[in-house]
Structure formats: C-alpha cells, structure tokens
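after the sequence you'll find the predicted model.
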Amino acid sequence: MWWKRAVVYQIYPRSFRDADGDGNGDLTGIIEKLPYLHRLGVDVIWLSPVYRSPMVDNGYDIADYYDIDPMFGSMQQMDELIARAKSEFGIGIVMDLVVNHTSDQHRWFQAALTSADAPERAYYVWRDSAADGGPPNDLQSFFGGPAWTLDRTSGQYFLHFFAAQQPDLNWHNPDLRHEIYRMMNWWLDRGLAGFRMDVIDLIGKEPDRGIGANGPELHQYIREMNQATLAGRDVLTVGETWHADLAEARQYSNPDGSELSMVFQFDHVKLEDATGRGKDERVPLDLVQLKRTVAHNQTGLYGRGWNSLFLSNHDLPRIVSRWGDSGTLRQESAKMLATTFHCLQGTPYIYQGEELGMTNVDWSDIERYRDVEVRNYYRIARDRGMSYPEALSRIAWFARDNARTPMQWTAAPDAGFGSTEPWIDFAGNHDLINAVAAEDAPDSIWHHYRALIELRKTEAVITEGKVEFLTIDHPDIFAYRRHDSATELTVISNFHAKQITLPEPYLSVPGALLLHSYADAQDPRVTRTLRPYESVVALARR
Ligand code: ISL
C-alpha cells in the first residue's frame, strides 16, 4: 500500500503546458515539466482525461478509450510519458477513468443511434417518453436542465447526468461491464500506477426509481471491477464520490482491498449544502462545521479505510480565493491552508497551480468563460430573469474555469504556457504569481508545499499516527495533534484574517517549530498571539 505514503499532483492537460504551440496543453508539455514535479517532490501524477474526445467537457466526454486525442499528442507520447516519469523520476501515472458515460461520438453510441437492435443500444439507458410525450421522469442533469434527451429517430429518450453529448452507460449490462474491464486491463498493462474514477458513485444508477448515486448494485460492480482488473496489481485507485458519507467511504476503502484505495469525499467543499444554499452563492466558510466534517471522516476512517486530502481540483474554484486571501495575505493564507490539510491522515492531492497560490479569475464578460457547466448555468439563469451583473458575479464565485486558466510558469506575456493564444484566458496575474518566481523565493508557497511533502516522507507519524482534534468549537483556530509512540506533531492554524490571542492550552504545546506560514517564523507560544492566517507545525520526540 505504497499509496498511503504518496503525494499526488493533478494535471489538467489542456491548461498545463503547450509545447506544440496550438494553444492547448499537451503530453510533450507534461514530459517537459517532469523535472519541475520531481523538484516539488510528488510521487504520482493524476492526469485528467487525454483520450480521444470532441472536448464538449474537455475530455470528460470520451470518444475512444484506446486512443489519445490529437490535441494532446499520440499513444507513443503517452507511453513515453509513462516510461520516463517512472524511470527518470520515480513518478507513477494515474489516468482518469470516465466510465459513467461516454461521448455521443463514441462508436458504441453511434451504433446505438443507428439501430435499436444493435447490441450497443443496451450499453446506454433508453426509455420511452411519458404519456404526454415528454421525458420519462424529471431527473435533472448536474449541468442543468433535464437528464433526458429525445432521440428523434427511435422516439426514445436517453439518459445523461451531464451534458447531452455525454450519454450515460448502462452498468446493468454485463457485456458493457466486460468491455470496460478489458479496456482497464489494456491500460494497466501499459504500466499505469492506477486510476481516478470519475463520478464512480453513479454507476449503480436506477433512473426509474430516481436514483443516481449510491444505487443498490454500486458496490457489487466495484467489487467485480476490482476482481477483473485491479486484484493482484499494486495500484492507487481513487473514486470521485460526491455522495459518499463515512459509511460509504469505509466500504469503498475497506482495508481488505476488495474495492478501491480511497475516495474523494466532498463534504468539506460543499458545506453550503447544509444551509440549503447553492454553490453559486457566496456563503462564508463555517469553520466549526468544516472541522466537525473533517474530524468525522478522519476519526471514522482511522484504521478502517483511507482518506484522500484535497482542497482543489479542476471542478472547484481556487482555494486561496475561496477560503484564504487572494490579496496581501495570499502567501500566508495559502500556506496555512496547505499545512492544515497536508498534516492530516490520508493521501494528499495537489491541483496544478495550487502550489503557486494561483487565484480565481476576475472576468466581467461571459464570453471569456469556456465551461459547459457555466454556459448552461448562464443560459438558464438569464432565462429565469437574473440580471447580467448578478449572473456574472455568481459565476465568478463558482466557475470551474477558475481552476482551468493556463498554468503560470513565468512572468513572460505568455506565462510560459505556450507561444500562441491559449484556449482559455490567463487569470491575469502571472507577472506576480509564477513558478519561476516561486522556486527562486525560499519563503514562497511553492517551497512550503515542497517542505510539507518532504515532512511526510521523513515523519511516519503523518501517515500512520493517530489524530486528535483540539478545541473544535473555537471559531478561528483549526488545530490537531498527530501522535505515535515516538513522535507528537501539532498543527495550529488561524483560519481567519484577524489577529487572535493564542488560547491557554496551546502555550504548552511541546516541540520545535518545523513549519510556519509567515516568513519571519515567530513562535506563537512566545508572542501569545496568532497573526492573520498564521499556522505552525510543532514536532516533539518522546
Ligand atoms: O460540481 C459539479 C456539479 O454541480 C460538477 O462540476 C462536478 O464536478 C461533477 O458533478 C463531477 O465531476 C466529474 O464528472 C464530470 C466532469 O465534468 C468533471 O470535470 C469531473 O470531475 C462529468 O464527467
């Protein structure tokens, strides 16, 4: 279970590095940047999809699982990436596995459209219209609007939980499942380190009963998949499961290895759900609720499963803009957030640019956004009468495009991303925020991430130690202890922009300060205060 000690770096290929000058990132660009990732210290790259795709959802709509999209390169370059990452840098490649749905351009769906008798017809989910001729029921797409689209030729509707160009696969069909396992083995045989499984909690769907996530046969399929593909291979598997509570997460990441290594639980990034408000509303962070949520899963999975630790991905706005300060305290707040999550138990995931403290965009023109989800949201919101400024302001807060602007390598006008105009605009601050500047500055966010990764390699307590949450009701401080028989590690973070008095119990925390979110590294036990976003790690040997 090497993945318990690993740190994963997520690459969103289209926005990472454009080596061939077509405005889109590519595999050659990733190969070129392997030394950078090695200097940061990561063990695994999770590559968002690079398969052949019409790019309605930037590759999450796959037209051919056995081919690389020409936008990204070729199968030969993919093999080169897998081989060189491993042999030159000891980095494993985890591919995105998108098997809840395909692209409507996939040959299975094309065959299904051509003939209602084609075997591939049963790979998808078809239903007759309701009595009024409308969709079979009122299931909604996660991208807005009905989850059913009419196929005029056959007069039947097909299901799509995402865009209409992403028809859902029917996992109840054994031939389809067999095809998926064959494909997974084909990739694993090429030397992959594992899979990140896109919306895997939807594959047990029962649309007639209105069930998307956590269908009755979900875990049966995961176990079957495990037996057919993963069993006997030492790989990292992580399920994207928006609907996994603690009980579900335990089942997926059962230490008996019958399902997956771990899952992404999203409770901590969708706290606003509990308030009945949507992700398009600027709900301030409820820190106590955040701690309760994290503590619940940390203690609940201890010894009974495994956590993934993340603050960002390609679907979420930039964390420093959301929970930190994207202005004057950007460095301090980004380091505080990273420290707080990286010292917990689990496998940490870093999303490209997070290690630089990249920020949300500040766009006042809808035309600059590219994401299908944003475009659908905009259309529906405007149809319902929302004003242009209101729609733009909400979109700026939640848009997935916030995470998808080109990676900021240098201060040059093209940000070192590529020589031509990129497919999506720059966030617009790479003169200040870029990898070259970050690597040059010893007190940068980048060096802090490097130090956190190194600490994980040297201190076993971070991987295996017990976790105990401290002052969970405190409105500003996120603090916890990790301990084993040899070591005690304490993290104390001020999550807010105000200075506070360090409460009594923390004055006697043992050990030397290893990491600090402030460049001047004062000891809060001496100053008896925590400055805005001040965060420290103390380590004591027993
Ligand atoms: O938050 C969301 C819905 O409101 C989506 O952005 C969410 O990310 C989605 O529910 C699951 O995401 C995954 O599957 C999608 C793809 O667009 C995302 O990029 C991927 O991470 C469909 O494949």
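Received the coordinates, thanks.

now stretch 23-32: buried residues?
For stretch 23-32, a neighbour-count test (16 or more other C-beta atoms under 10 Å) marks Gly23, Asn24, Gly25, Asp26, Leu27, Thr28, Gly29, Ile30, Ile31 as buried. Any C-beta I mention is one placed from the backbone N, CA and C, and that applies to glycine too.

in what helix or strand does Trp186 lie?
Here Trp186 sits within helix 174-188, counting by DSSP states H and E.

what's the end-to-end length of stretch 166-181?
End-to-end span of stretch 166-181 (C-alpha to C-alpha, to the nearest Å): 20 Å.

I would like the residues contacting that stretch, please.
Here stretch 166-181 makes contact (C-beta atoms under 8 Å, 6 or more residues apart in numbering) with 56-57, 60-61, 99-104, 109, 119, 122-125, 158-161, 202-205, 217, 221, 224-225, 228-229.

filter these down to the buried ones and express that as a ChimeraX selection.
Buried subset of the contacts of stretch 166-181, written as a ChimeraX selection, criterion 16+ other C-beta under 10 Å:
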select :56,57,60,61,99,100,101,102,103,104,109,122,123,124,125,158,159,160,161,202,203,204,205,221,224,225,229
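
now, which of the contacts of stretch 166-181 lie within strands?
When DSSP state E defines the strands, the subset of these inside them is Phe158, Leu159.

just the contacts of stretch 166-181: which are in helices?
Phe109, Tyr221, Glu224, Met225 (DSSP state H).

count the neighbours of Glu474 for me.
You called it Glu, but residue 474 is His. Per other C-beta atoms under 10 Å, the neighbour tally for His474 reads 17.

tell me which of the buried residues of stretch 23-32 is nearest to Pro532?
Distances from Pro532 to the buried residues of stretch 23-32, taken as C-beta to C-beta, are shortest for Gly25 (35.2 Å).

quick one: that closest one and Glu32 touch, right?
No - contact criterion C-beta atoms under 8 Å: Gly25 and Glu32 do not qualify, at 10.6 Å.

shared neighbours of these two, which are they?
Common contacts of Gly25 and Glu32 (C-beta under 8 Å, 6+ apart): Arg17.

neighbours of Arg196, how many?
Using other C-beta under 10 Å, Arg196 is surrounded by 26 other residues.

typed the wrong thing, it's Asp414
For Asp414, the count of nearby residues is 17 (other C-beta under 10 Å).

the ligand versus that one, what's the distance?
From Asp414 over to the ligand the distance is 26 Å, taken as C-beta to the nearest ligand atom, to the nearest Å.

how about the nearest residue to Phe417, chain neighbours excluded?
Closest residue to Phe417 apart from its sequence neighbours, by C-beta to C-beta, 6 or more residues apart in numbering: Pro406 at 3.9 Å.

give the contact list for the one you found.
With C-beta under 8 Å, 6+ apart as the criterion, the residues that contact Pro406 are Ser15, Asp18, Gly25, Ala415, Phe417, Gly418, Pro422, Ile424, Phe426.

just checking, the first one touches Asp401?
If I follow you right, that is Ser15. No - counting by C-beta under 8 Å, Ser15 stays clear of Asp401, with 9.7 Å between them.

shared neighbours, the two?
Joint contacts of Ser15 and Asp401 (C-beta under 8 Å, 6+ apart) are Ile424.

could you report the distance from Asp256 to Arg250?
Going from Asp256 to Arg250 by C-beta to C-beta, to the nearest Å gives 11 Å.

and for these two, which residues touch both?
Joint contacts of Asp256 and Arg250 (C-beta under 8 Å, 6+ apart) do not exist.

between those two, point out the one with more neighbours.
Arg250 (19 against 5).

find the nearest non-adjacent residue to that one, please.
Nearest residue to Arg250, sequence neighbours excluded (C-beta to C-beta, 6+ apart): Gly305, at 4.6 Å.
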